Structures are given as structure tokens and as C-alpha cells.
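**Q** Give me a 3D structure for the following:
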Amino acid sequence: MTEQASTAKRILTGTKIGVVVSDKRDKTCTVAVDYQQKHAKYGKYLHRQAKFQVHDPENLCGEGDRVEITGCRPINKTKSWRLVKVLEKAPAPLEHKEEATA
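**A** Residues are numbered from 1 along each chain as shown. Alright, predicted model coming up:
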């Protein structure tokens, strides 16, 4: 039983999927996670957004990427989440080509 548990892939609980909204800091990115919350009185579902400071030691993610994050021990005052993997890279922005007038 213990051999199966050690060889089985570790399942991460408490993971969230969100979009990177900022990657300006070194080894840190800001991830926005969208969710729906039911209104207590009217029962209508409201769209909410939570932002998390995520530890990204290799600076893998860029702005607009879809990423999976999980909770971890506090790394500093604001960071208590770490990057698990980049699910989808953001599409490259279109570059504006200037026409040369000769």
C-alpha cells in the first residue's frame, strides 16, 4: 500500500486557474482568478475577481498567459501562492509595420 502511494502521482488540491495580469516584478506575477458568487437575497450569480501574488522563480509566465497556481507557505508579505504550470501562452501581439516612403 505504501509503495503505491509513493509511486502514485501527487494530486494537488486547492489549485486555481487564472490569467496573468502583471509580470513586471522579478520572480513574481499577479494572477486574476474569475469566479461566480451567488447573491444571498436575490439568488443571482455575480461575477467576481480575485488577484493573487504568485511566486514564479524562473519568470516563465508573461502577461495574458493562463496559468495554474496552488497555495504554499508564505514567501513574503503578499506572496503565498506558487506557479504550478503555464497552461496556455498568450498570443503574440501584432506588430505595426511602418511603411518606408522613398
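
**Q** going forward, measure contacts between C-alpha atoms and count neighbours the same way
**A** Fine.

**Q** V31: what's it in contact with?
**A** 18-22, 51-54 (C-alpha atoms under 8 Å, 6 or more residues apart in numbering).

**Q** so where does it fall, helix or strand?
**A** According to DSSP states H and E, V31 maps onto strand 28-38.

**Q** looking at the chain, which helix or strand does the model trust least?
**A** helix 2-7 (a mean of 56; mean pLDDT, DSSP states H and E).

**Q** which is the next helix or strand following it?
**A** Heading C-terminal from helix 2-7 (DSSP H and E), you reach strand 16-22.

**Q** can you give me the mean pLDDT across that next one?
**A** Strand 16-22 shows a mean pLDDT of 96.

**Q** returning to that earlier point: now render the contacts of V31 as TSV, adding neighbour count and distance to T30.
**A** Conversion of these to TSV gives the following (neighbours: other C-alpha atoms under 10 Å; distance: C-alpha to C-alpha, whole Å):
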residue	neighbour count	distance to T30
G18	22	10
V19	24	8
V20	24	6
V21	16	6
S22	16	5
K51	14	7
F52	18	6
Q53	20	5
V54	25	6
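
**Q** Okay, now the unreliable bits of the chain?
**A** Counting by pLDDT under 70, the chain contains low-confidence residues at 1-12, 100-102.

**Q** Could you check the strand holding V31 and say which residues are buried?
**A** Neighbour-count burial for strand 28-38, counted by 16 or more other C-alpha atoms under 10 Å, picks out 28-33.

**Q** now swap in stretch 78-98 and tell me
**A** 79-84, 86.

**Q** what's the span of that stretch from first residue to last?
**A** Length of stretch 78-98, first residue to last, C-alpha to C-alpha, to the nearest Å: 43 Å.

**Q** And for stretch 68-86?
**A** 6 Å.

**Q** contacting residues for the nearest residue in space to D23 that is not next to it in sequence?
**A** Setting aside the residues directly before and after it, D23 is nearest to C29 in space (C-alpha to C-alpha, 6 or more residues apart in numbering), at 4.5 Å. Contact partners of C29, counting by C-alpha under 8 Å, 6+ apart, are 20-23, 53-56, 61.
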